[in-house]
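**Student:** below is the sequence, then the predicted model.
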Amino acid sequence: MSIDRLVLIFAGAVILVSSVLAVTVSAKFLLLTGFVGANLLQSAFTGFCPLALILKRAGFQTGALYR
């Protein structure tokens, strides 16, 4: 699996989990949702994604999002 897909999977999972936690535990979990969303937005403009760097160092392959 490529880094592109892993980043999308991870971001989606964190947003879903933090949204559920915001409803069930504390509204402060919405800060995590906002952080992930802001990171996705800045990544779209700058091309810099910290998770992608971590995954690349871990040995995952880069690749096009849609082939």
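**Tutor:** That came in fine, so what should we check first?
**Student:** skipping adjacent residues, who's closest to Leu21 in space?
**Tutor:** Phe29 (4.1 Å; C-beta to C-beta, 6 or more residues apart in numbering). (Glycine included, C-beta is placed from N, CA and C.)
**Student:** okay, buried residues for the lowest-mean-pLDDT helix or strand in the chain please.
**Tutor:** Every helix and strand in the chain was compared by mean pLDDT, DSSP states H and E; the lowest is helix 50-57, with a mean of 92. Residues Leu51, Ala52, Leu55 are the ones in helix 50-57 that count as buried (16 or more other C-beta atoms under 10 Å).
**Student:** does Gly63 touch Leu6 like I think?
**Tutor:** No: using C-beta atoms under 8 Å, Gly63 makes no contact with Leu6, being 10.2 Å away.
**Student:** more neighbours: those two, which one.
**Tutor:** Under the criterion of other C-beta atoms under 10 Å, the comparison of Gly63 against Leu6 puts Leu6 first, with 16 against 12.
**Student:** next, that one: phi, psi?
**Tutor:** Dihedral pair for Leu6: phi -60, psi -40, per degrees, to the nearest 10.
**Student:** isn't it up against Gly59?
**Tutor:** No: contact between Leu6 and Gly59 fails when scored by C-beta under 8 Å: they sit 11.8 Å apart.
**Student:** where does the protein dip in pLDDT?
**Tutor:** 64-67 (pLDDT under 70).
**Student:** now do the contacts for the residue nearest in space to the middle of it.
**Tutor:** By C-alpha atoms, centre = their mean, the chain has its centre lying nearest to Ala11, at 2.6 Å. Neighbouring residues of Ala11 by C-beta atoms under 8 Å, 6 or more residues apart in numbering: Val36, Asn39, Leu40, Leu51.
**Student:** what about it, which helix or strand?
**Tutor:** helix 3-24 (DSSP states H and E).
**Student:** buried stuff in that helix?
**Tutor:** Ile3, Asp4, Leu6, Val7, Ala11, Val14, Ile15, Ser18, Leu21, Ala22.
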